[in-house]
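Asker: sharing a model that was predicted from the sequence below.
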Amino acid sequence: MIRDRTLLRPRYTGLTINSKPYMLCATVRLYDWMQWSDKGRFHRVSHAANRAVAIPEGYRLRLPGPTFVPERIRQATARPIVNHRGPEFRAMLADAEERLKPIFGTRNRILFFAASGSGMMEAAVVNIASAGTELLFVSHGQFGERFATIAQEIGARFDRLDMPWGSDIDIDAVAQRLREKTYRAVFVIHNESSTAITADLARLGALVRDTPTLLVTDSVSGLAGTEMKQDEWGVDVVVSASQKALMCPPGLGLASVSAKAWEVIDRGDHLPAFYWSFKRALASLEKGETPFTPAVPVVYGLLEALDMIHAEGLPRVLARHRRLSTALRDGAAAINLPIFGTGRNLSSTVVALSVPQALDGAAIVKALYERHRTVIAGSRNRLSGRVIRIGTMGDFDDDTILTDLAHLESVLADLGHAFTSGAGIAAARASLAASIQR
């Protein structure tokens, strides 16, 4: 019998280490390894592992994703698991689908996968690509390149149209490619989080609307933080995921597929797909289910997130993202951290800042974490050391942005960067005030 009153319940039994039975028990201090002693009871072995993985006090997750998960969403994900083939979960899935449609700007069915954003990118490619047709990948950053890399790995036939990183997509260049060759689909990143530039989907959609060519987009870091009007703009496939502006933990992939795209998929000539099959996902959805085990806790969280989004009102949510990302850019510019690139279609969910030549972006990222437990991103690509990125999506407000700038000013001063102390916060406050007046 376990007499230690700090124990709540055993988690795992039957594990033997060095010929002694162990079990993992939940305690008031997260999880402890408990070892059976010679005195006939379990005793606590070590808290070292707990200390090693503990989240530091004051930890601020300010990445371009995954993003901060609000407390009410975290609590929702901890609810008891229900049968994913039962009536309770069917009702939840139907509820989530209907409340996602306004966020996608569509009347399409919303497909659910247990997946990351990259998984959904692959799903988009394999369900559209075929051996006898070609695809066009328009790239203006790291994730545009990833789209094309996925196509290469699975053996799709494709062309690439590369834009300078940090620039807007050249719509005329896309139009020229479409005049030169017939493509089954054009693939583009809606919100390129590596450079904080958005694609003009309305203009791209107009190029293909009256043609057989599809428009496919990854809106993993855009959906729910940047306007999406799938039906109005003529976007045929939109894929996204749970861990960005939808404020949920990672693990849930989403896809919205137009009637035009279903006509192509139903031809049955696309590359082989089992787990990623849109047709299989739709067939299950028509029964209120997913084809494979879904991320049940993330669906719980998604329902809570949708409550929050619709309570605030989607137009207000999108306006808040625009307002706060603008204020952060204005504040950063005032301390001599200009936005990266030349594009005008700036993201509402990610801010990308150019790092002065005298500094290293990795040093800024490291100092922010070590001094303030503020976690932002650098770049893991050709921009490494030259760009820092801050997420402006999900559950954040004026104070979040002002704190970001206060922490930035603190570490930049220590790193020898020249700027007027307090200028960033002052500029952001002015930007926020002006946006309210408008």
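Answerer: Received the coordinates, thanks.
Asker: relative to Glu57, how far out is Leu201?
Answerer: 42 Å (Cβ to Cβ, to the nearest Å). Any C-beta I mention is one placed from the backbone N, CA and C, and that applies to glycine too.
Asker: please say which of those two ends up with more neighbours.
Answerer: Regarding Leu201 and Glu57, a neighbour count based on other Cβ atoms under 10 Å identifies Leu201 as having more, with 25 against 6.
Asker: pretty sure that one sits against Asn191.
Answerer: No - under the criterion of Cβ atoms under 8 Å, Leu201 is not in contact with Asn191, lying 10.0 Å apart.
Asker: let me see the ranges of the helices in the stretch 201-350 of the chain.
Answerer: 201-208, 230-233, 259-265, 278-285, 296-312, 314-334 (DSSP state H, counting those that start in this stretch).
Asker: what helices and strands are in contact with the fourth one?
Answerer: Put plainly, it is helix 278-285. strand 110-115, helix 117-128, strand 251-257 (3 or more Cβ pairs under 8 Å, 6 or more residues apart in numbering; DSSP states H and E).
Asker: which helices and strands does the first one pack with?
Answerer: This points to strand 110-115. Against strand 110-115 (3+ Cβ pairs under 8 Å, 6+ apart) you get helix 87-104, helix 117-128, strand 251-257, helix 278-285.
Asker: run through who's touching it.
Answerer: Contacts to strand 110-115, defined as Cβ atoms under 8 Å, 6 or more residues apart in numbering, come from residues 93, 96-97, 100-101, 104, 119-120, 123, 241, 251-257, 275-276, 278, 281-282, 285, 290, 292-295, 299.
Asker: and those, which are buried?
Answerer: 93, 96-97, 100-101, 104, 119-120, 123, 241, 251-257, 276, 278, 281-282, 285, 290, 294-295, 299 (16 or more other Cβ atoms under 10 Å).
Asker: ok, now how distant is the closest residue to Ser277 other than its chain neighbours from Tyr183?
Answerer: Closest residue to Ser277 apart from its sequence neighbours, by Cβ to Cβ, 6 or more residues apart in numbering: Asn127 at 7.0 Å. Using Cβ to Cβ, we find Asn127 at a distance of 16 Å from Tyr183.
Asker: same deal with Ser421?
Answerer: 53 Å.
Asker: higher neighbour count, these two?
Answerer: Neighbour count, other Cβ under 10 Å: between Ser421 and Tyr183, Tyr183 has more, with 22 against 12.
Asker: Ala124 versus the spatially closest residue to the more buried one that is not a sequence neighbour, what's the distance?
Answerer: In space, and not counting its chain neighbours, Tyr183 is closest to Leu136: 4.5 Å by Cβ to Cβ, 6+ apart. Between Leu136 and Ala124 the computed distance is 14 Å (Cβ to Cβ).
Asker: ok, Pro80 next?
Answerer: 34 Å.
Asker: between those two, which is the more surrounded one?
Answerer: Ala124 (27 against 7).
Asker: got a list of what the more buried one touches?
Answerer: Phe187, Val216, Asp218, Val237, Val239, Ala255 are the contacts of Ala124 under Cβ under 8 Å, 6+ apart.
Asker: and which of those is nearest Leu432?
Answerer: Asp218 (30.5 Å; Cβ to Cβ).
Asker: give me the beta-bridge partners of the closest one?
Answerer: Beta-bridge pairing for Asp218 (DSSP bridges): Ile189, Val239.
Asker: that one contacts Glu192, doesn't it?
Answerer: No - contact between Asp218 and Glu192 fails when scored by Cβ under 8 Å: they sit 9.1 Å apart.
Asker: residues shared between the contacts of these two?
Answerer: Common neighbours of Asp218 and Glu192 (Cβ under 8 Å, 6+ apart) are Phe143.
Asker: low pLDDT regions in the chain?
Answerer: Counting by pLDDT under 70, the low-confidence segments of the chain come to 1-53, 437-438.
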